[in-house]
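Novice: Sequence and computational prediction follow.
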Amino acid sequence: MSEPALSQAISAYLRELSLRSLSAHTLSAYERDLQWLMRSEAARPPSAFRAEHLRPLLVEMSRKGLSPRSIRRALAAWRGFFSWLMERSGEPGQPRLPANPAAALRAPRAARLLPKALSVDAACAFVAMNDPDAADDWIRLRDAALLELAYSCGLRLSEMASLDVRPHTREGRGYIDLQAKEVMVIGKGKKPRSLPVGGPALEALSAWLPARQTLLTSRGVVSDELALFVNARGGRLSGRSIERRFSERARRAGLGMAVHPHMLRHSFASHLLQSSGDLRAVQELLGHAQIATTQVYTHLDFQRLAQVYDAAHPRAKRRVPPPENS
């Protein structure tokens with residue numbers, strides 16, 4: 001086999017991945033990581049790869065400034081690719097791979113980056129702020145419903161943008177059910193989950209829905225438009241537009257920091273964990289497949305407790321005298 005065979009094998013692997021429930025972002029990351037194998041000096045027929053060919057690639061990636069997290073992700077992509085090849089070893093036209101050359105490699109340990117979260121007071125002020133400067137009343141009502149729902153349910157940006165006003169057969173769309181006081185969202189891996197909606201969010205949604213219908217009628221939009229959150233033209237509000245609304249609201253609220261949708265999701269998780277201490281429940285509400293993903297919020301909670309201790313405990317800041325010389 002020749003180097004073009006490596007390109008063909010990677011293309012076939014990516015085609016198979018596209019049939020799975022992976023997001024376009026994840027597929028793009030896999031493709032970038034596998035491109036390292038083709039563009040580097042290590043490029044060779046798939047069956048000829050050994051660990052010693054891949055190890056210099058990890059060094060090169062580090063030298064070029066890639067973060068430990070990115071390098072670990074690339075190594076995971078290589079392992080998946082070679083495992084896929086091994087499963088097909090011996091099939092007609094497939095290379096024979098005696099072992100996974102990436103299996104024994106170790107990437108640098110990624111530093112744990114704690115997510116940024118608003119305080120309870122800041123989060124409540126952010127979502128409940130009355131916005132008299134909104135260009136139109138419908139914008140004020142829409143943004144209030146958007147922010148209240150995001151904080152009430154801890155939604156991802158993509159989950160907010162894809163919400164409909166009622167169930168539909170279209171794949172990948174969640175919907176709101178005011179009567180049941182819940183929202184059905186389609187999360188990562190197209191996994192659905194049902195979430196309870198709090199009182200302030202229900203009130204904001206109840207005020208927004210009539211304004212939404214009035215807007216659609218005035219814009220001449222067909223009545224079967226299902227998007228819960230719409231723009232001035234009556235179309236679905238995009239993820240980028242939602243991010244801009246968050247940034248604008250943070251500026252007007254005088255928070256002194258950039259607020260993005262995922263920060264409100266982090267705040268939802270952190271505040272819920274502080275109140276309940278139920279990590280499993282928070283995992284279910286966030287739609288995390290692994291409990292380890294949710295455990296990062298226990299570190300946030302410890303940080304909060306440490307700050308309370310430092311601020312309140314009478315001996316927290318007392319200097320400890322150095323030991324006397326014997």
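Specialist: Now that the structure is in, tell me what you want to look at. Residues are numbered from 1 along each chain as shown.
Novice: doesn't residue 148 make contact with residue 200?
Specialist: Yes. The criterion here is C-beta atoms under 8 Å, and residue 200 meets it with residue 148 at 5.3 Å. C-beta coordinates here come from the backbone N, C-alpha and C atoms, glycine included.
Novice: what sits in contact with each of the two?
Specialist: 127-128 (C-beta atoms under 8 Å, 6 or more residues apart in numbering).
Novice: who has more neighbours, these two?
Specialist: A count of neighbours by other C-beta atoms under 10 Å puts residue 148 above the other of residue 200 and residue 148, at 22 against 17.
Novice: give the contact list for the more buried one.
Specialist: 127-128, 198, 200-201, 203-205.
Novice: Including distance to residue 140, pLDDT and secondary structure, could those go into JSON lines?
Specialist: As requested, these are arranged in JSON lines below (distance: C-beta to C-beta, whole Å; pLDDT from 0 to 100; DSSP: H, G, I helix; E, B strand; the rest coil):
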{"residue": "127", "distance to residue 140": "13", "pLDDT": "90", "secondary structure": "helix"}
{"residue": "128", "distance to residue 140": "12", "pLDDT": "85", "secondary structure": "helix"}
{"residue": "198", "distance to residue 140": "20", "pLDDT": "92", "secondary structure": "coil"}
{"residue": "200", "distance to residue 140": "15", "pLDDT": "93", "secondary structure": "helix"}
{"residue": "201", "distance to residue 140": "16", "pLDDT": "94", "secondary structure": "helix"}
{"residue": "203", "distance to residue 140": "14", "pLDDT": "95", "secondary structure": "helix"}
{"residue": "204", "distance to residue 140": "10", "pLDDT": "95", "secondary structure": "helix"}
{"residue": "205", "distance to residue 140": "14", "pLDDT": "97", "secondary structure": "helix"}
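Novice: from those, which two are the most distant?
Specialist: Longest distance between any two of the contacts of residue 148 is 14.4 Å, between 128 and 205; criterion C-beta to C-beta.
Novice: Can you tell me how far the residue nearest the centre of the chain is from residue 213?
Specialist: Among the residues of the chain, the one closest to the centroid is residue 156, at 6.2 Å (C-alpha atoms, centre = their mean). The gap separating residue 156 from residue 213 is 26 Å, by C-beta to C-beta, to the nearest Å.
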